[in-house]
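Chemist: Structure here, sequence nowhere to be found:
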């Protein structure tokens, strides 16, 4: 009777441990891994541009400077909209009223004296039709704009460009992994993990305002190409050949 009980206990113990043992056998020893980084890029001609334009005015009083500035900015905005830019693509990006001081006399202890005021008003403009950009720049200067910031060219719908850059990054990583594996005498088994190295990075082309304003008639503008870059890190499981 004791022998039967001992046998039953042994069977119960084996039955209890069987799932764990099966799990250990199925997992087996872990294979080594190879981690590589890939980078991809894609480029296309931009279809939009963003620029900053503004007017700086001076006057003996703040009111005088503000009136002169408001009149000039109103003409500038009217010229922007007359060029076909929609109201949603024009917004104020900076406004200030600053007193102007006379330089202190040498060895003088007198407080600085206000000699006038300076008013600055800047707007940011998004141009969705690049064919109008050159004429718009020329018109802005004609209508009184005396400040134009750098121009950034971009793509209005960068989704396809981003997808292409990411796909190129994955292909680059796979290519590097295959070269390393071949040289090391191992074989790639499967992908263990994939992680992106930050988001896609747009590389907009910039053009400085002074160089453009030196041109005569309509301002010549070259948009070139906008480039998007993406990075990826992939870990592959490998085994000997």
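Modeler: Great, that's in hand. From a predicted model like this one, the values you see are computed outputs, not experimental measurements.
Chemist: okay, and the helix or strand of this structure with the least pLDDT?
Modeler: Every helix and strand in the chain was compared by mean pLDDT, DSSP states H and E; the lowest is helix 209-213, with a mean of 37.
Chemist: Direction included, what does whichever helix or strand comes after that one pair against?
Modeler: Counting by DSSP states H and E, the element after helix 209-213 in chain order, helix or strand, is strand 226-240. According to DSSP bridges, strand 226-240 forms sheet pairs with strand 33-44 (antiparallel), strand 186-196 (antiparallel), strand 201-203 (antiparallel).
Chemist: can I get those in TSV with distance to residue 164, mean pLDDT and mean neighbour count?
Modeler: C-beta coordinates here come from the backbone N, C-alpha and C atoms, glycine included. Output for the strands paired with strand 226-240, formatted as TSV (distance: least, Cβ to Cβ, whole Å; pLDDT from 0 to 100; neighbours: other Cβ atoms under 10 Å):
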stretch	distance to residue 164	mean pLDDT	mean neighbour count
strand 33-44	4	95	17
strand 186-196	15	94	13
strand 201-203	13	53	13
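Chemist: Can you tell me which of those strands is nearest to residue 230?
Modeler: strand 33-44 (5.3 Å; Cβ to Cβ).
Chemist: Phi, psi for residue 61 please.
Modeler: phi -120, psi 160 (degrees, to the nearest 10).
Chemist: Could I get the full set of helices for the protein?
Modeler: Using DSSP state H, the helices of the chain run over 2-27, 62-82, 133-142, 159-184, 209-213.
Chemist: Going by mean pLDDT, which of the ones you listed comes out lowest?
Modeler: Mean pLDDT per stretch puts helix 209-213 lowest among these, at a mean of 37.
Chemist: Break this structure into its domains for me.
Modeler: 28-44+159-203+228-240, 48-103+112-154 (automatic domain parsing).
Chemist: Between the ones you listed, which one is closest to residue 222.
Modeler: Nearest to residue 222, of the domains of the chain and by Cβ to Cβ, is domain 48-103+112-154 at 9.4 Å.
Chemist: re the thing from before, now distance to residue 219 too, for the domains of the chain, in TSV please.
Modeler: Shown next, in TSV, are the domains of the chain (distance: least, Cβ to Cβ, whole Å):
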stretch	distance to residue 219
domain 28-44+159-203+228-240	23
domain 48-103+112-154	4
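Chemist: Out of the ones you listed, which gets nearest to residue 221?
Modeler: Across the domains of the chain, closest to residue 221 is domain 48-103+112-154 (Cβ to Cβ), at 5.0 Å.
Chemist: Show the end-to-end separation of that closest one, please.
Modeler: End-to-end distance of domain 48-103+112-154: 6 Å, with Cα to Cα, to the nearest Å as the criterion.
Chemist: Likewise for stretch 123-141?
Modeler: Taking Cα to Cα as the measure, stretch 123-141 stretches 14 Å from start to finish.
Chemist: How about stretch 38-54?
Modeler: Stretch 38-54: ends 43 Å apart by Cα to Cα.
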